[in-house]
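Novice: have a look; sequence and predicted model below, questions after that.
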Amino acid sequence: MSKRILVVGSTALDSVETSSGRVDDALGGSAFFFSSAASLLAPVGLVGVVGGDFPRDEIHFLTERGVDMEGLETVPGGLTFRWGGRYHENMNERTTLFTHLNVFQDFNPYIPPSQRDVPVLFLANIQPRLQLHVLEQLTAPELVIMDTMNLWIELSRDELLQVIRTGILIVNDEESRLLTGVSGPLQGARLLQRMGPHTVIVKKGEHGALMLGAEGRLFSVPAWPLDRVVDPTGAGDTFAGGFVGSLARDGAWGWPELCRAMAWGSAMASFCVEDFSVNRLRTMDLGQARERFDGFRALTTIPA
Ligand code: AMP
């Protein structure tokens, strides 16, 4: 039985340059990438903030997929959060060109009463103090999954350590290194698990993702091999969307469900990077995602 998901995160307009081209003021932010993928698998409610300048038509595809936008606050006369980045030739490194927080600066997530009893919560990348504030407003979430970024590891470590205690932690290899001081993903995951989460996922970009569960169980999923990556922005949030969406759809998070969710995460992320912004996520459907999910079996099963 599918469980409802609530995502709280950034809702942005991104300007991105890669070797494939550029986009300006395209839909971005962790909450939009996450919901684009998760909504193909389970019902999603989104909490975020945009300015009066936000092009609402751009998220029509999300409402069509059933995403509940009651929690998306609009500040009339305010400007939407804008982020700009340029990728280096190898797509693994990027330079942040600007971060204009605008209305996101005063974001104080308010969870609509209709969503406070939500069973599955994804705390996307926002200030850890705000993540704690979201947790306080929920009645009794059954599963909390969280993400963060280098900025909060450096600026708000203590508050971050309070949030990390809950549920499942998803970080990338750089965040794992910043949090633990070690660069190996497995060693990092083991140290992160000691901070409280029962399950830790370390994303390794084009090298896939590693999961460490209870009792030291390990699972690894590759990235789907692609001929061309157009724009890696949001791949991590899209991975989280596929991962959390799959758990919510199964309504359970035992080890088999967690492993399947890893493959859904990797499948969804591979669509994200095929085009700028959410462009590919907007046009794809569940059938195409399932083909890639099934493709992982062929890709990773060793013949007897
Ligand atoms: P990722 O590629 O996973 O780092 O995610 C990229 C997304 O994060 C972009 O769509 C940005 O709009 C968003 N973003 C960039 N900086 C921040 C920030 N300080 N807080 C929240 N979201 C951000």
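Specialist: Sure, I can see it. Keep in mind that this is a model prediction, so the values were computed, not measured. Residues are numbered from 1 along each chain as shown.
Novice: element containing the residue in the stretch 101-250 of the chain that the ligand sits nearest to?
Specialist: Of all residues in the stretch 101-250 of the chain, Gly236 sits closest to the ligand, at 3.7 Å by CB to the nearest ligand atom. Every C-beta, even on glycine, is put in place using the N, C-alpha and C of the backbone. Secondary structure from DSSP states H and E places Gly236 in helix 235-250.
Novice: just checking, what packs against that helix?
Specialist: Helices and strands touching helix 235-250, by 3 or more CB pairs under 8 Å, 6 or more residues apart in numbering; DSSP states H and E, are strand 5-8, helix 30-38, strand 120-123, strand 143-146, strand 168-172, strand 199-203, helix 255-272.
Novice: and these, which is most packed in?
Specialist: Among the helices and strands packed on helix 235-250, the stretch with the highest mean neighbour count (mean count of other CB atoms under 10 Å) is helix 30-38, at a mean of 31.
Novice: strand partners (parallel or antiparallel) of the helix or strand following that helix?
Specialist: Using DSSP H and E, the helix or strand that directly follows helix 30-38 along the chain is strand 44-51. Sheet pairing of strand 44-51 (DSSP bridges) gives strand 5-8 (parallel), strand 68-75 (parallel).
Novice: put together JSON lines for those, with distance to the ligand and mean pLDDT on each row.
Specialist: Output for those, formatted as JSON lines (distance: least, CB to the nearest ligand atom, whole Å; pLDDT from 0 to 100):
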{"stretch": "strand 5-8", "distance to the ligand": "11", "mean pLDDT": "98"}
{"stretch": "strand 68-75", "distance to the ligand": "15", "mean pLDDT": "98"}
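Novice: so which bits of the stretch 101-250 of the chain are right by the ligand?
Specialist: With CB under 6 Å from any ligand atom as the criterion, the stretch 101-250 of the chain meets the ligand at residues Asn125, Ile126, Leu151, Thr233, Gly234, Gly236, Asp237.
Novice: which residues touch the closest residue to the fifth one other than its chain neighbours?
Specialist: Setting aside the residues directly before and after it, Gly234 is nearest to Phe33 in space (CB to CB, 6 or more residues apart in numbering), at 3.6 Å. Applying CB atoms under 8 Å, 6 or more residues apart in numbering, we find Phe33 in contact with Gly234, Asp237, Thr238, Gly241, Cys272, Val278, Leu281.
Novice: point out where the stretch 51-200 of the chain drops to low pLDDT.
Specialist: Counting by pLDDT under 70, the stretch 51-200 of the chain shows no low-confidence range.
Novice: so which residues of it form helices?
Specialist: 60-64, 128-137, 150-155, 157-164, 173-180, 185-194 (DSSP state H, counting those that start in this stretch).
Novice: any chance of those in a markdown table, with mean neighbour count and distance to Met91 too?
Specialist: Below are those laid out as a markdown table (neighbours: other CB atoms under 10 Å; distance: least, CB to CB, whole Å):
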| stretch | mean neighbour count | distance to Met91 |
| --- | --- | --- |
| helix 60-64 | 15 | 26 |
| helix 128-137 | 17 | 29 |
| helix 150-155 | 14 | 18 |
| helix 157-164 | 16 | 28 |
| helix 173-180 | 20 | 15 |
| helix 185-194 | 18 | 19 |
